[in-house]
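Participant: Provide a 3D model corresponding to the input given below.
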Amino acid sequence: MGSTEEQGLDVAALERYLAAELTDGLAGPLQTRLIAGGRSNPTYELTDGTSAWILRRPPYGEILQSAHDMSRESRVMSALAGSAVPVPRVVAQCEDDSVIGAGFYVMDKIEGRTYRTAEDTGTLTPEQRAALTESMLDTLVALHEIEPAAVGLADWGKPEGYLERQVRRWARQWHTIKTAERPEVDELVAILERSMPPLKFPGIVHGDYKIDNLMVAHDDPSQILGVLDWEMSTLGDTLADLGVLISFWDEIGQFHNPITAGATAHDGFPTGAEVVAKYAERRCISIDDLEWYIVFADFKIAVILEQIHARHLKGTTVGDWFDDIGDMVEPLLGRARDRAIRAGL
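Facilitator: Take a look at the predicted model:
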(Lines give C-alpha, C1' and ligand atoms only; values in the text may rest on other atoms or scores of the structure.)
Protein backbone atom coordinates (compact mmCIF):
# COMPACT_ATOMS: atom_id res chain seq x y z
CA MET A 1 0.00 0.00 0.00
CA GLY A 2 1.37 3.40 -1.00
CA SER A 3 1.49 6.72 0.79
CA THR A 4 -1.18 9.38 0.62
CA GLU A 5 1.10 11.82 -1.19
CA GLU A 6 2.11 9.30 -3.84
CA GLN A 7 -1.48 8.43 -4.64
CA GLY A 8 -3.05 11.88 -4.59
CA LEU A 9 -5.61 10.66 -2.07
CA ASP A 10 -6.44 12.13 1.36
CA VAL A 11 -6.45 8.84 3.26
CA ALA A 12 -7.11 10.41 6.66
CA ALA A 13 -10.26 12.17 5.44
CA LEU A 14 -11.41 9.04 3.63
CA GLU A 15 -10.86 6.95 6.74
CA ARG A 16 -13.02 9.28 8.82
CA TYR A 17 -15.76 9.19 6.20
CA LEU A 18 -15.84 5.41 5.85
CA ALA A 19 -15.66 4.82 9.60
CA ALA A 20 -18.91 6.77 9.90
CA GLU A 21 -20.55 5.59 6.66
CA LEU A 22 -20.03 1.83 6.65
CA THR A 23 -22.52 -0.22 8.63
CA ASP A 24 -19.79 -1.98 10.61
CA GLY A 25 -17.30 0.87 10.50
CA LEU A 26 -13.63 0.03 9.98
CA ALA A 27 -11.85 -2.86 11.67
CA GLY A 28 -8.49 -1.09 11.62
CA PRO A 29 -6.47 1.69 9.99
CA LEU A 30 -7.33 2.28 6.35
CA GLN A 31 -4.67 1.38 3.82
CA THR A 32 -4.91 2.35 0.16
CA ARG A 33 -3.23 1.45 -3.12
CA LEU A 34 -3.61 3.00 -6.55
CA ILE A 35 -4.30 0.21 -9.01
CA ALA A 36 -3.83 -0.02 -12.77
CA GLY A 37 -6.79 -0.36 -15.08
CA GLY A 38 -8.53 2.88 -14.19
CA ARG A 39 -6.78 5.01 -16.78
CA SER A 40 -9.79 7.27 -17.17
CA ASN A 41 -10.93 7.30 -13.54
CA PRO A 42 -8.37 6.86 -10.73
CA THR A 43 -9.15 3.59 -8.98
CA TYR A 44 -7.92 2.55 -5.54
CA GLU A 45 -7.92 -0.63 -3.50
CA LEU A 46 -8.82 -0.06 0.15
CA THR A 47 -8.52 -2.36 3.15
CA ASP A 48 -8.92 -2.14 6.90
CA GLY A 49 -7.05 -5.41 7.38
CA THR A 50 -10.28 -7.43 7.40
CA SER A 51 -12.37 -6.28 4.45
CA ALA A 52 -11.35 -4.94 1.04
CA TRP A 53 -13.06 -2.43 -1.23
CA ILE A 54 -12.49 -0.53 -4.46
CA LEU A 55 -12.86 3.27 -4.67
CA ARG A 56 -13.42 5.11 -7.94
CA ARG A 57 -13.30 8.84 -8.39
CA PRO A 58 -13.20 11.25 -11.37
CA PRO A 59 -9.85 12.24 -12.87
CA TYR A 60 -7.77 14.95 -11.25
CA GLY A 61 -7.71 18.31 -12.95
CA GLU A 62 -10.29 19.87 -15.25
CA ILE A 63 -13.31 17.65 -15.98
CA LEU A 64 -15.50 18.15 -19.03
CA GLN A 65 -19.17 18.74 -18.31
CA SER A 66 -21.20 15.49 -17.97
CA ALA A 67 -18.06 13.34 -18.01
CA HIS A 68 -16.91 11.00 -15.23
CA ASP A 69 -20.11 11.10 -13.16
CA MET A 70 -19.43 8.57 -10.42
CA SER A 71 -22.99 8.78 -9.08
CA ARG A 72 -24.27 7.37 -12.37
CA GLU A 73 -21.85 4.48 -12.20
CA SER A 74 -22.86 3.59 -8.65
CA ARG A 75 -26.56 3.98 -9.39
CA VAL A 76 -26.64 1.59 -12.33
CA MET A 77 -24.68 -1.07 -10.42
CA SER A 78 -27.04 -0.74 -7.46
CA ALA A 79 -30.00 -1.08 -9.82
CA LEU A 80 -28.59 -4.22 -11.45
CA ALA A 81 -27.78 -5.96 -8.16
CA GLY A 82 -29.53 -9.31 -8.17
CA SER A 83 -30.14 -9.28 -11.92
CA ALA A 84 -28.66 -11.62 -14.53
CA VAL A 85 -25.79 -9.14 -14.92
CA PRO A 86 -23.25 -9.60 -12.10
CA VAL A 87 -22.01 -6.38 -10.52
CA PRO A 88 -20.05 -5.48 -7.36
CA ARG A 89 -22.01 -4.35 -4.29
CA VAL A 90 -21.86 -0.60 -3.78
CA VAL A 91 -21.27 0.17 -0.09
CA ALA A 92 -20.91 3.97 -0.12
CA GLN A 93 -21.48 6.89 -2.43
CA CYS A 94 -20.24 10.36 -1.61
CA GLU A 95 -21.10 13.50 -3.55
CA ASP A 96 -19.38 15.81 -1.05
CA ASP A 97 -16.25 17.14 -2.76
CA SER A 98 -14.78 18.20 0.58
CA VAL A 99 -13.94 14.62 1.62
CA ILE A 100 -11.27 13.78 -0.98
CA GLY A 101 -11.70 16.62 -3.48
CA ALA A 102 -14.34 15.01 -5.71
CA GLY A 103 -17.36 12.78 -5.57
CA PHE A 104 -16.61 9.06 -5.38
CA TYR A 105 -18.08 5.70 -4.56
CA VAL A 106 -16.84 2.55 -2.84
CA MET A 107 -17.74 -1.01 -3.79
CA ASP A 108 -16.82 -4.43 -2.50
CA LYS A 109 -13.63 -5.84 -3.96
CA ILE A 110 -14.37 -8.94 -6.02
CA GLU A 111 -11.86 -11.74 -5.54
CA GLY A 112 -11.25 -12.60 -9.16
CA ARG A 113 -9.02 -11.60 -12.02
CA THR A 114 -9.19 -9.52 -15.15
CA TYR A 115 -7.64 -10.45 -18.49
CA ARG A 116 -6.19 -7.23 -19.92
CA THR A 117 -3.38 -8.20 -22.27
CA ALA A 118 -2.40 -10.77 -24.86
CA GLU A 119 -0.02 -12.18 -22.26
CA ASP A 120 -2.92 -12.63 -19.82
CA THR A 121 -5.17 -14.44 -22.28
CA GLY A 122 -2.17 -16.38 -23.56
CA THR A 123 -2.27 -18.36 -20.30
CA LEU A 124 -5.72 -19.75 -21.22
CA THR A 125 -6.41 -22.81 -23.30
CA PRO A 126 -8.33 -22.42 -26.56
CA GLU A 127 -11.29 -24.08 -24.85
CA GLN A 128 -11.18 -21.57 -22.00
CA ARG A 129 -11.04 -18.66 -24.45
CA ALA A 130 -14.08 -19.97 -26.29
CA ALA A 131 -15.97 -20.45 -23.01
CA LEU A 132 -15.07 -16.94 -21.84
CA THR A 133 -16.41 -15.54 -25.10
CA GLU A 134 -19.71 -17.37 -24.66
CA SER A 135 -20.07 -15.98 -21.13
CA MET A 136 -19.24 -12.46 -22.31
CA LEU A 137 -21.99 -12.66 -24.93
CA ASP A 138 -24.50 -14.22 -22.54
CA THR A 139 -23.90 -11.37 -20.08
CA LEU A 140 -24.14 -8.65 -22.72
CA VAL A 141 -27.38 -10.08 -24.10
CA ALA A 142 -28.76 -10.39 -20.57
CA LEU A 143 -28.05 -6.70 -20.00
CA HIS A 144 -29.68 -5.66 -23.27
CA GLU A 145 -32.81 -7.69 -22.56
CA ILE A 146 -33.44 -6.17 -19.13
CA GLU A 147 -36.51 -3.94 -19.05
CA PRO A 148 -35.13 -0.67 -17.59
CA ALA A 149 -38.27 0.09 -15.59
CA ALA A 150 -38.08 -3.33 -13.93
CA VAL A 151 -34.79 -2.37 -12.24
CA GLY A 152 -35.66 1.26 -11.52
CA LEU A 153 -33.90 2.74 -14.55
CA ALA A 154 -36.86 4.03 -16.55
CA ASP A 155 -35.40 7.54 -16.30
CA TRP A 156 -31.81 6.46 -16.96
CA GLY A 157 -31.75 8.12 -20.39
CA LYS A 158 -33.60 8.67 -23.66
CA PRO A 159 -33.00 6.02 -26.33
CA GLU A 160 -34.53 8.25 -29.03
CA GLY A 161 -31.82 10.51 -30.42
CA TYR A 162 -29.08 8.61 -28.53
CA LEU A 163 -26.78 8.21 -31.52
CA GLU A 164 -27.18 11.85 -32.61
CA ARG A 165 -26.35 13.04 -29.09
CA GLN A 166 -23.37 10.72 -28.86
CA VAL A 167 -21.80 11.91 -32.10
CA ARG A 168 -22.31 15.56 -31.13
CA ARG A 169 -20.95 14.96 -27.63
CA TRP A 170 -17.73 13.26 -28.67
CA ALA A 171 -17.13 15.72 -31.51
CA ARG A 172 -17.56 18.59 -29.06
CA GLN A 173 -15.24 16.98 -26.53
CA TRP A 174 -12.58 16.43 -29.17
CA HIS A 175 -12.52 20.09 -30.12
CA THR A 176 -12.46 21.07 -26.43
CA ILE A 177 -9.43 18.99 -25.46
CA LYS A 178 -7.49 18.17 -28.65
CA THR A 179 -3.72 18.43 -28.40
CA ALA A 180 -3.12 18.34 -32.17
CA GLU A 181 -5.02 19.18 -35.33
CA ARG A 182 -6.39 16.06 -36.99
CA PRO A 183 -8.62 16.82 -40.01
CA GLU A 184 -9.80 13.22 -40.12
CA VAL A 185 -11.92 13.91 -37.02
CA ASP A 186 -14.23 16.34 -38.80
CA GLU A 187 -14.34 13.96 -41.77
CA LEU A 188 -15.41 11.11 -39.49
CA VAL A 189 -18.05 13.23 -37.78
CA ALA A 190 -19.53 14.17 -41.17
CA ILE A 191 -19.58 10.50 -42.21
CA LEU A 192 -21.24 9.41 -38.96
CA GLU A 193 -23.87 12.13 -39.17
CA ARG A 194 -24.91 11.43 -42.74
CA SER A 195 -25.01 7.62 -42.43
CA MET A 196 -26.53 7.28 -38.95
CA PRO A 197 -28.78 4.19 -38.64
CA PRO A 198 -32.26 4.36 -37.10
CA LEU A 199 -32.82 3.13 -33.55
CA LYS A 200 -33.91 -0.51 -33.62
CA PHE A 201 -32.98 -2.09 -30.30
CA PRO A 202 -33.25 0.33 -27.35
CA GLY A 203 -32.18 -0.71 -23.88
CA ILE A 204 -29.56 -0.33 -21.17
CA VAL A 205 -26.15 0.46 -22.68
CA HIS A 206 -22.95 -0.23 -20.76
CA GLY A 207 -20.87 2.05 -22.97
CA ASP A 208 -17.48 0.37 -22.58
CA TYR A 209 -18.08 -3.38 -22.74
CA LYS A 210 -14.79 -5.22 -23.34
CA ILE A 211 -12.77 -8.09 -21.98
CA ASP A 212 -10.79 -6.08 -19.44
CA ASN A 213 -13.92 -4.62 -17.86
CA LEU A 214 -14.92 -8.07 -16.64
CA MET A 215 -13.85 -9.73 -13.41
CA VAL A 216 -13.83 -13.52 -13.69
CA ALA A 217 -13.21 -16.41 -11.33
CA HIS A 218 -9.57 -17.44 -10.83
CA ASP A 219 -10.30 -21.10 -11.45
CA ASP A 220 -12.88 -20.66 -14.20
CA PRO A 221 -12.48 -17.78 -16.67
CA SER A 222 -15.94 -18.47 -18.09
CA GLN A 223 -17.51 -17.49 -14.75
CA ILE A 224 -18.03 -13.72 -14.82
CA LEU A 225 -18.12 -12.37 -11.25
CA GLY A 226 -18.65 -8.72 -12.09
CA VAL A 227 -19.04 -6.27 -14.95
CA LEU A 228 -17.08 -3.09 -14.18
CA ASP A 229 -16.69 0.53 -15.38
CA TRP A 230 -20.27 1.72 -15.89
CA GLU A 231 -19.57 5.46 -16.12
CA MET A 232 -20.88 5.74 -19.70
CA SER A 233 -24.01 3.70 -19.07
CA THR A 234 -27.40 5.09 -20.12
CA LEU A 235 -30.51 4.11 -22.04
CA GLY A 236 -29.70 4.09 -25.72
CA ASP A 237 -29.02 1.92 -28.74
CA THR A 238 -27.80 -1.46 -27.52
CA LEU A 239 -25.94 -2.10 -30.78
CA ALA A 240 -23.52 0.61 -29.64
CA ASP A 241 -22.24 -1.86 -27.03
CA LEU A 242 -21.70 -4.49 -29.71
CA GLY A 243 -19.80 -1.94 -31.78
CA VAL A 244 -17.52 -1.20 -28.83
CA LEU A 245 -16.98 -4.91 -28.17
CA ILE A 246 -15.94 -5.47 -31.79
CA SER A 247 -13.69 -2.39 -31.76
CA PHE A 248 -11.80 -4.08 -28.93
CA TRP A 249 -12.04 -7.58 -30.42
CA ASP A 250 -8.53 -8.19 -31.73
CA GLU A 251 -7.92 -10.91 -34.31
CA ILE A 252 -4.79 -12.80 -35.34
CA GLY A 253 -3.04 -11.03 -38.20
CA GLN A 254 -5.28 -7.94 -38.04
CA PHE A 255 -4.88 -4.40 -36.66
CA HIS A 256 -5.18 -4.50 -32.88
CA ASN A 257 -6.99 -1.89 -30.86
CA PRO A 258 -4.07 -0.20 -29.04
CA ILE A 259 -5.81 -0.57 -25.68
CA THR A 260 -6.45 -4.31 -25.77
CA ALA A 261 -3.35 -4.83 -27.97
CA GLY A 262 -4.13 -8.36 -29.07
CA ALA A 263 -5.96 -9.62 -25.98
CA THR A 264 -8.35 -11.74 -28.06
CA ALA A 265 -5.91 -12.52 -30.88
CA HIS A 266 -5.41 -16.15 -29.84
CA ASP A 267 -6.72 -19.50 -30.99
CA GLY A 268 -10.03 -20.27 -29.33
CA PHE A 269 -11.42 -16.76 -29.53
CA PRO A 270 -13.87 -16.49 -32.44
CA THR A 271 -13.54 -13.84 -35.12
CA GLY A 272 -15.35 -10.55 -34.75
CA ALA A 273 -17.85 -11.63 -37.41
CA GLU A 274 -18.55 -14.80 -35.42
CA VAL A 275 -19.06 -12.75 -32.25
CA VAL A 276 -21.65 -10.60 -34.03
CA ALA A 277 -23.43 -13.70 -35.37
CA LYS A 278 -23.50 -15.32 -31.93
CA TYR A 279 -24.92 -12.14 -30.38
CA ALA A 280 -27.59 -11.82 -33.07
CA GLU A 281 -28.56 -15.47 -32.67
CA ARG A 282 -28.94 -15.11 -28.91
CA ARG A 283 -31.20 -12.06 -29.33
CA CYS A 284 -33.04 -13.50 -32.32
CA ILE A 285 -32.38 -10.34 -34.31
CA SER A 286 -30.88 -9.47 -37.68
CA ILE A 287 -27.86 -7.15 -37.74
CA ASP A 288 -27.00 -5.69 -41.12
CA ASP A 289 -25.51 -2.27 -40.33
CA LEU A 290 -22.94 -2.80 -37.57
CA GLU A 291 -20.12 -1.10 -39.50
CA TRP A 292 -21.46 2.32 -38.48
CA TYR A 293 -21.34 1.33 -34.81
CA ILE A 294 -17.77 0.02 -35.07
CA VAL A 295 -16.59 3.20 -36.80
CA PHE A 296 -18.29 5.25 -34.10
CA ALA A 297 -16.70 3.11 -31.37
CA ASP A 298 -13.20 3.66 -32.77
CA PHE A 299 -13.90 7.39 -32.96
CA LYS A 300 -15.25 7.59 -29.41
CA ILE A 301 -12.36 5.59 -27.97
CA ALA A 302 -9.88 7.84 -29.77
CA VAL A 303 -11.49 10.91 -28.19
CA ILE A 304 -11.34 9.32 -24.74
CA LEU A 305 -7.66 8.55 -25.23
CA GLU A 306 -7.04 12.14 -26.34
CA GLN A 307 -8.75 13.36 -23.16
CA ILE A 308 -6.48 11.22 -21.01
CA HIS A 309 -3.42 12.32 -23.03
CA ALA A 310 -4.38 15.98 -22.55
CA ARG A 311 -4.65 15.51 -18.78
CA HIS A 312 -1.33 13.68 -18.74
CA LEU A 313 0.37 16.57 -20.54
CA LYS A 314 -1.03 18.91 -17.87
CA GLY A 315 0.35 16.66 -15.13
CA THR A 316 -3.03 15.78 -13.61
CA THR A 317 -2.93 11.99 -14.09
CA VAL A 318 -1.83 9.70 -11.26
CA GLY A 319 0.15 6.54 -11.86
CA ASP A 320 2.88 5.66 -14.35
CA TRP A 321 0.95 4.03 -17.19
CA PHE A 322 0.04 7.07 -19.32
CA ASP A 323 3.14 7.77 -21.42
CA ASP A 324 1.89 5.84 -24.45
CA ILE A 325 -1.69 7.13 -24.49
CA GLY A 326 -1.13 9.89 -27.05
CA ASP A 327 0.34 7.43 -29.56
CA MET A 328 -2.89 5.40 -29.55
CA VAL A 329 -5.10 8.17 -30.96
CA GLU A 330 -3.98 8.40 -34.59
CA PRO A 331 -4.12 4.63 -35.34
CA LEU A 332 -7.70 4.40 -34.09
CA LEU A 333 -8.82 7.41 -36.08
CA GLY A 334 -7.11 5.97 -39.14
CA ARG A 335 -8.82 2.61 -38.73
CA ALA A 336 -12.19 4.30 -38.28
CA ARG A 337 -11.72 6.33 -41.47
CA ASP A 338 -10.57 3.31 -43.48
CA ARG A 339 -13.47 1.18 -42.25
CA ALA A 340 -15.97 3.91 -43.04
CA ILE A 341 -14.64 4.23 -46.58
CA ARG A 342 -14.66 0.47 -47.18
CA ALA A 343 -18.21 0.22 -45.86
CA GLY A 344 -19.38 3.04 -48.09
CA LEU A 345 -20.72 5.07 -45.18
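
Participant: got the phi/psi numbers for V227?
Facilitator: V227 adopts backbone torsions of phi -100, psi 130, taken as degrees, to the nearest 10.

Participant: which parts of the stretch 201-345 of the chain are strands?
Facilitator: Shown for the stretch 201-345 of the chain, the strands assigned by DSSP state E, counting those that start in this stretch span residues 202-205, 214-217, 220-227, 234-237.

Participant: pipe those strands into JSON lines and attach mean neighbour count and distance to T23 per row.
Facilitator: Quick note: C-beta positions are derived from backbone N, CA and C, even for glycine. Below are the strands of the stretch 201-345 of the chain laid out as JSON lines (neighbours: other C-beta atoms under 10 Å; distance: least, C-beta to C-beta, whole Å):
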{"stretch": "strand 202-205", "mean neighbour count": "22", "distance to T23": "29"}
{"stretch": "strand 214-217", "mean neighbour count": "20", "distance to T23": "23"}
{"stretch": "strand 220-227", "mean neighbour count": "19", "distance to T23": "21"}
{"stretch": "strand 234-237", "mean neighbour count": "22", "distance to T23": "30"}
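
Participant: give me the three-state assignment for D24.
Facilitator: coil (DSSP: H, G, I helix; E, B strand; the rest coil).

Participant: now render the strands of the stretch 201-345 of the chain as a markdown table, adding distance to V303 and mean pLDDT.
Facilitator: Shown next, in a markdown table, are these (distance: least, C-beta to C-beta, whole Å; pLDDT from 0 to 100):
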| stretch | distance to V303 | mean pLDDT |
| --- | --- | --- |
| strand 202-205 | 17 | 98 |
| strand 214-217 | 23 | 98 |
| strand 220-227 | 23 | 97 |
| strand 234-237 | 17 | 97 |
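
Participant: those strands: which one's closest to Q173?
Facilitator: For the strands of the stretch 201-345 of the chain, proximity to Q173 was assessed by C-beta to C-beta; strand 234-237 is nearest, at 15.6 Å.

Participant: which residues are in contact with that closest one?
Facilitator: Outside strand 234-237, the residues within contact range by C-beta atoms under 8 Å, 6 or more residues apart in numbering are 72, 148, 153, 156-159, 162-163, 166, 199-205, 207, 293.

Participant: let's go with 10 Å and repeat that
Facilitator: 72, 76, 148, 153-163, 165-166, 197-207, 240, 243, 293, 296 (C-beta atoms under 10 Å, 6 or more residues apart in numbering).

Participant: strand partners of that strand, parallel vs antiparallel please.
Facilitator: strand 202-205 (antiparallel) (DSSP bridges).
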